[in-house]
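Student: Got a predicted structure here, sequence first:
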Amino acid sequence: MKDLKYLFAFTIPLTVFLSIHFKDIFSYTTLVYAYGVIPLFELIFKPKSYEEKRVVSSDLKNIFFDSLLYLNFPIVTSLLFYGFNVLSFENTFFYEEMGIVLSLAILLATNGINVAHELGHRKSGFAKNISKSLLLYSLYMHFFIEHNKGHHKNVGTPLDPASAKFNQSLYSFWVQSVIGQYINAWKIQLKELNTNSNSFFSIKNQMLIFLFFQVSYLVVIGSVFTIKVAFLAVLVGVISFLMLETINYIEHYGLTRKKMKSGRYERVQTHHSWNSEHQIGRIVLYELTRHSDHHYNASKEYQFLENKFQSPQLPYGYPASMLLALIPSLWFFVMNKKVIEFSKNF
């Protein structure tokens, strides 16, 4: 029965449906829920302070966990196009449109990009294709390449644009990470093409294929709905990947890997990522908040991720931490002393 808790992740899509269907002030239901209700409850219910071992041995159980992930694709797709339909053919005020846009962006960040991140680490071609499909809606398909072949290799080093430096503001990080990851994805792709003697215009050039699909997606949206909605689709995508980058910011802020005499960086350890044991965030984000264990063993599926004592712990859950990061002075006030104190041990 404990495993049924992951069904709670679908409360985000539920609030998105309510936001789109009822409109008016209710169009902000998802925003209030994700960044108001959840942070409040996580402040009230304190995270566990002990190390928990996760054992899931049944193949049937593993099918259940995987099914929860795959179910997000039709749900996200349906809600996205439902929202675009309302924005196209129903009379809406500007404030309602912005409420729906924010709701869809939160949906893509949590049940889209986050699930794509989990599936992108799987070995099966089916899982990887669903991952890419979910990233399509956020116009962030290059994340599939850079995250798996760049970020996990270079996390906590100057080579990783997705690792926030000590005393770096979120807004500076957005520029660094968004641009840096796109450039890195191209570098990785071009190196692979060269290594395998494939042409730039080869079907093996995933970056070109990603660009084609993303442009085609916007053309379809503009044709089926309206040009205005195509622009709103871009806005939804941008907001969603900025939410992703905000999560990247809080996950690795100020934590670095040491460079050894050999010139190589030390192996990624659990103390190179900030962890969060706040229950609701853990469930809604499919254990992404157990980020230390994820980076220590990237192939470990979400249901097996554990809390590690040696990992640094965020004082607040992910939603509250994201809000805190929006105000650099407050973020630095809370987090800088934690980074300094924790770094003394390593």
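Tutor: That came in fine, so what should we check first?
Student: Spit out the contact partners of residue 242.
Tutor: By Cβ atoms under 8 Å, 6 or more residues apart in numbering, the residues touching residue 242 are 174, 178. (Glycine included, C-beta is placed from N, CA and C.)
Student: From the chain's centroid, how far away is the one helix or strand it maps to?
Tutor: Of the helices and strands defined by DSSP states H and E, residue 242 is found in helix 227-252. Here the centre of helix 227-252 is set off from its chain's centre by 10 Å, with Cα atoms, centre = their mean, to the nearest Å.
Student: Quick check: buried residues in that helix?
Tutor: Using 16 or more other Cβ atoms under 10 Å as the test for burial, helix 227-252 gives 229-230, 232-233, 236-237, 239-252.
Student: for stretch 34-43, same thing?
Tutor: In stretch 34-43, counting by 16+ other Cβ under 10 Å, buried: 34-35, 38-39, 42.
Student: Identify the residues contacting stretch 23-41?
Tutor: Against stretch 23-41 from outside (Cβ under 8 Å, 6+ apart): 11-12, 15-16, 18-20, 22, 86, 90, 92, 95-96, 98-100, 102-103, 106-107, 110, 280-281, 284, 316-317, 319-320, 322-323.
Student: pLDDT on that stretch, on average?
Tutor: Across stretch 23-41, pLDDT averages out at 98.
Student: distance between the ends of that stretch?
Tutor: 25 Å (Cα to Cα, to the nearest Å).
Student: So which residues of the stretch 51-200 of the chain form helices?
Tutor: Applying DSSP state H, counting those that start in this stretch to the stretch 51-200 of the chain gives helices spanning 59-89, 94-107, 114-120, 125-136, 143-146, 152-154, 170-195.
Student: so how far is the first one from its chain's centroid?
Tutor: Centre-to-centre, helix 59-89 and its host chain are 16 Å apart (Cα atoms, centre = their mean).
Student: So for residue 339, which of the helices of the stretch 51-200 of the chain sits nearest?
Tutor: Closest to residue 339 of the helices of the stretch 51-200 of the chain is helix 170-195 (Cβ to Cβ; 14.5 Å).
Student: what residue of the protein is the furthest out?
Tutor: Here the chain reaches farthest from its C-alpha mean at residue 261, the gap being 34.3 Å by Cα atoms, centre = their mean.
Student: Now do the same for residue 345: its pLDDT.
Tutor: Residue 345 carries a pLDDT value of 82.
Student: for it, helix, strand, or coil?
Tutor: Recorded secondary structure, residue 345: coil (DSSP: H, G, I helix; E, B strand; the rest coil).
Student: Contacts only, for it.
Tutor: Residues near residue 345 by Cβ under 8 Å, 6+ apart: residue 271.
Student: Would you list the phi and psi of it?
Tutor: Main-chain dihedrals, residue 345, degrees, to the nearest 10: phi -80, psi -10.
Student: Quickly note the distance from it to residue 251.
Tutor: According to Cβ to Cβ, to the nearest Å, residue 345 stands 19 Å off from residue 251.
Student: Check residue 303 too.
Tutor: In terms of Cβ to Cβ, residue 303 sits 20 Å off from residue 251.
Student: same question, residue 64
Tutor: Between residue 64 and residue 251 the computed distance is 27 Å (Cβ to Cβ).
Student: Span of stretch 197-214 from start to end?
Tutor: End-to-end span of stretch 197-214 (Cα to Cα): 26 Å.
Student: ok, residues contacting the helix or strand where residue 281 lies?
Tutor: Here residue 281 sits within helix 279-284, counting by DSSP H and E. Identification of contacts with helix 279-284 by Cβ under 8 Å, 6+ apart yields 5-6, 8-9, 11-12, 38, 41-42, 45, 47-48, 110, 276, 289-290, 317-319.
Student: got a pLDDT number for residue 229?
Tutor: On the pLDDT scale, residue 229 gets 98.
Student: Verify the contact between it and residue 221 for me.
Tutor: Yes: in this structure, residue 229 is within contact of residue 221 by Cβ atoms under 8 Å, at 5.9 Å.
Student: which residues are in contact with both of these two?
Tutor: What both residue 229 and residue 221 touch, as defined by Cβ under 8 Å, 6+ apart, is the set residue 84.
Student: Can you flag the buried ones in the contacts of helix 279-284?
Tutor: Buried members of the contacts of helix 279-284, scored by 16+ other Cβ under 10 Å, are 6, 9, 11-12, 38, 42, 47, 110, 276, 289-290, 317-319.
Student: which one of those is nearest residue 257?
Tutor: Residue 257 lies nearest to residue 290 out of those, by Cβ to Cβ, at 19.4 Å.
Student: Contact partners for the residue nearest to the closest one when sequence neighbours are not counted?
Tutor: Nearest residue to residue 290 in three dimensions, chain neighbours excluded: residue 305, at 4.1 Å (Cβ to Cβ, 6 or more residues apart in numbering). Residues in contact with residue 305 (Cβ under 8 Å, 6+ apart) are 54, 287, 290, 293-294.
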